[in-house]
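Enquirer: here is a sequence with its predicted model. Questions after.
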Amino acid sequence: MRAQDGPLFSIVSSDDERKEETSLRLHELTMGVGRFHILVFTSNMLASNRSEPRSVKGIKTINALELEEQMDNRLQHWRSTWSYASDMHDGYSGKDLFKVHVIAGTADLNHNNSDLRGGLERLAKKAKGDGMVFLDKTRALHQKYGFSWNKGHGGIVVIRPDSHVGYRVNGVGEQAWKDVNEYFSSFLTIM
């Protein structure tokens, strides 16, 4: 199935100099010849104020700091394991094969909990393709990809370079990232 499109919005804090929320389309993010785009749907788990692990329908949910650690570890591994030479100019810096985009149901940079706010700020300040978080305010993308926008366990969707969905897994915890890694390992060769 071809990847579905929908609107996304940037996260803006009250002290942000930009003060304006910017919007874009998912297909704008997933442009680029020869790249895999990993969409990380987080439902509203990045907005919850909890210190203990929680699960939804038996699938563990995680907070923003844990998500950032999982993403960074996997991106570093994939980019060092599978690379290629290219002269493409598609709006992304670097010639890596993998781009990650976090799509949250809700998130609040003005939250009272400093740890929660700090984790979200770190995701909001990441570069596009390196785990930057966007809001799915219309709920359309969560619905199109089969994830709950609110009180859900989230999930990961891999968009192949041909703009089709290549893989989908429920959850965004360590096991989900292992499953995505296994998907890539099943057909990519080590350089």
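Expert: Received the coordinates, thanks.
Enquirer: may I have the helix or strand where residue 157 lies as CSV, with CA atoms only?
Expert: Using DSSP states H and E, residue 157 sits in strand 155-159. Coordinates of each C-alpha in strand 155-159 appear next as CSV, following Å, rounded to 0.1, in the frame of the first residue of the first chain:
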residue,chain,number,x,y,z
GLY,A,155,3.7,2.0,16.7
ILE,A,156,6.4,2.1,14.0
VAL,A,157,5.8,2.2,10.2
VAL,A,158,8.6,1.9,7.7
ILE,A,159,8.1,3.7,4.4
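Enquirer: what are the contacting residues of the helix or strand just after it?
Expert: Beyond strand 155-159 in the direction of the C-terminus, DSSP H and E gives the next helix or strand as strand 165-170. Residues from elsewhere that reach strand 165-170 (Cβ atoms under 8 Å, 6 or more residues apart in numbering): 1-3, 36, 59, 145-147, 153-160, 176, 179-180, 183. Where you see a C-beta, it was placed from the backbone N, CA and C, and this is true even at glycine.
Enquirer: buried ones among these?
Expert: Among the contacts of strand 165-170, those buried by neighbour count (16 or more other Cβ atoms under 10 Å) are 3, 36, 59, 145, 147, 153-159, 176, 180, 183.
Enquirer: mind listing the strands in this structure by residue range?
Expert: Using DSSP state E, the strands of the chain run over residues 7-10, 23-25, 36-41, 54-56, 59-61, 98-104, 130-135, 155-159, 165-170.
Enquirer: tabulate those strands (CSV), appending distance to residue 69 and mean pLDDT.
Expert: Shown next, in CSV, are the strands of the chain (distance: least, Cβ to Cβ, whole Å; pLDDT from 0 to 100):
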stretch, distance to residue 69, mean pLDDT
strand 7-10, 22, 91
strand 23-25, 26, 91
strand 36-41, 13, 96
strand 54-56, 17, 58
strand 59-61, 14, 63
strand 98-104, 13, 93
strand 130-135, 10, 92
strand 155-159, 15, 96
strand 165-170, 18, 96
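Enquirer: right, and those - which one's nearest residue 81?
Expert: strand 98-104 (10.1 Å; Cβ to Cβ).
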